[in-house]
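A.B. asks: sequence and predicted model, in that order:
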Amino acid sequence: MVDATWGTGEPPREVLRRDVLGAVDEGAFDDRHPPRADQIADCVHCGFCLPSCPTYVLWGAEADSPRGRIYLMNEGVNGEPLSESMVAHFDACLGCMACVPACPSGVKYDRLIEDTRAQVERRFPRGPRDRALRTAIFALFPYPRRLRLLRGPLRAYQNTGLRRLVARSGLLERLGPTLATLESLAPRLRKVAPPPRRVAARGTRRAVVGMLTGCVQGAFFPEVNSATVRVLAAEGCDVVIPPGQGCCGALSVHNGRRDEAARFARRLIDTFENTGMDYFVVNAAGCGSSLKDYGELLADDPAYATRAKHFAAKVRDLSEVLVDLGPVAPRHPLPRTVAYHDACHLAHAQGIRAQPRALLRGIPGLELREIADPELCCGSAGVWNILNPVPAAELGDRKAANVLATGAELLVTANPGCLMQVAAALRRRGGSIALAHTAQVLDASIRDLGRETQRQEQVTPR
């Protein structure tokens, strides 16, 4: 039921509601950062968001569109309790933020869904299975050391042939789609030494940058971090990587675990605050979008509010820093056809689309090709593909088909979750295309690795 306060901008409040038997039910939201009624009222129900919303594209259900979820938020603001159905629609949102740039009214859906999810996590009692899965996810993924402990067993699993045996048996599919998804997402691991604590600029120093090594990026894609350091140093940056840095909190805040995210944020600020950095460089899209919102996350913390704003003002995606500084390291030819995939939290949340393309087009011999439906999420969305494996696979298959349709030799993106999700979808389709992070392509050009690759192709029979 929606009352007359819809669209009036009336301040949110905690409401007690009496049912027909006279029992008192608590309203959906409490007074701790509920979705704001004035932001809800900004939605004029025009429908421009619908084609960009992955769940609406999949199911065509109004309640699983941004404006449908905003309608449900308004019900909660006006006293309706959190029902299982209401929560299911909020949970189904990928948080890809494609609806934000698509909205002509400037609705802050990113803020609305983040505030709503925090309310859900505090106030809605989840079922035992859902609660256990979420507890396991957040006991592992935001902790780099715990993730690194998985590298040894995973490498053994991949290198002994056990992975092929399990795949042929179909065992994981029979046990459940979540296990099968987790197995399919695991990338091929290589032994890579972690980057040193500080790397000096090559040539004249142009900036001092702190660098986030990340959780999944650091554990499963250390070669991306190594390439990032080499590129930054080649472009005149001193790179500072303090030991013991932890999670940035992105995964937690995107899933309503606001207090947990705030703890991670405080620790990261403490770790980097006195390093003398000009910029804080991030090579993972989801992390970057959350780091830039530290001022909002810690606004209520008197000890960190100002510090968080100053820290957030220094956060830059790798592509932003490189474009702003301008190239000084020579680019060598890399004769490859490349399809660039826009990671959602880079393109939609941060508005960074032109910079990665400019960097790629600056490489001699590289041909850049665009992917159809670039605004549509690949289905990764942090841990959404683990919590929702079946629809995530469908979105991944759509993205993989569009990638293969480009005919490119290499898919490039700027987020570890996208790399894992699209790689799994390509394997399901039997597609043949290499995948890389933007930093790896730039690194290959600067180090002139394209010449060596060409030499190998000339002597290797096809």
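C.D. replies: Happy to help now that I have it. Quick caveat: nothing in here was measured; it's all calculated off a predicted structure. Numbers count the residues shown, from 1 in each chain.
A.B. asks: quick one: low-confidence parts of the stretch 351-462 of the chain?
C.D. replies: 451-462 (pLDDT under 70).
A.B. asks: if you set the cut-off to 90 instead, what comes out?
C.D. replies: Applying pLDDT under 90 to the stretch 351-462 of the chain picks out residues 427-432, 450-462.
A.B. asks: what does the chain give?
C.D. replies: In the chain, residues with pLDDT under 90: 1-28, 144-197, 218-220, 243-244, 427-432, 450-462.
A.B. asks: let me see the contact set for the residue nearest in space to the middle of it.
C.D. replies: Nearest to the mean C-alpha position of the chain, by CA atoms, centre = their mean, lies Gly286 at 3.0 Å. Applying CB atoms under 8 Å, 6 or more residues apart in numbering to Gly286 gives the contacts Ala250, Leu251, His254, Ala343, His345, Gly382, Asn415, Gly417. Where you see a C-beta, it was placed from the backbone N, CA and C, and this is true even at glycine.
A.B. asks: for the stretch 201-350 of the chain, just list every one of the strands.
C.D. replies: Under the criterion DSSP state E, counting those that start in this stretch, the stretch 201-350 of the chain contains strands at 207-211, 237-240, 279-282, 315-317, 337-340.
A.B. asks: can you map out the strands along the stretch 1-150 of the chain?
C.D. replies: 16-18, 24-26.
A.B. asks: can you give me the helices in the stretch 301-450 of the chain?
C.D. replies: For the stretch 301-450 of the chain, applying DSSP state H, counting those that start in this stretch gives helices covering 305-313, 318-325, 344-347, 354-361, 384-387, 389-405, 416-429, 438-446, 449-459.
A.B. asks: now those helices in a markdown table, with mean neighbour count?
C.D. replies: As requested, the helices of the stretch 301-450 of the chain are exported to a markdown table (neighbours: other CB atoms under 10 Å):
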| stretch | mean neighbour count |
| --- | --- |
| helix 305-313 | 17 |
| helix 318-325 | 21 |
| helix 344-347 | 27 |
| helix 354-361 | 18 |
| helix 384-387 | 23 |
| helix 389-405 | 20 |
| helix 416-429 | 22 |
| helix 438-446 | 25 |
| helix 449-459 | 12 |
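A.B. asks: I'd like these laid out as CSV, including distance to Tyr109.
C.D. replies: Below are those laid out as CSV (distance: least, CB to CB, whole Å):
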stretch, distance to Tyr109
helix 305-313, 20
helix 318-325, 23
helix 344-347, 13
helix 354-361, 23
helix 384-387, 16
helix 389-405, 19
helix 416-429, 20
helix 438-446, 27
helix 449-459, 42
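A.B. asks: distance of Ser289 from Met277?
C.D. replies: 19 Å (CB to CB, to the nearest Å).
A.B. asks: these two: which has the busier surroundings?
C.D. replies: Ser289 (27 against 20; other CB atoms under 10 Å).
A.B. asks: check contacts around the more buried one.
C.D. replies: Met97, Ala250, His345, Leu346, Ala349, Gln350.
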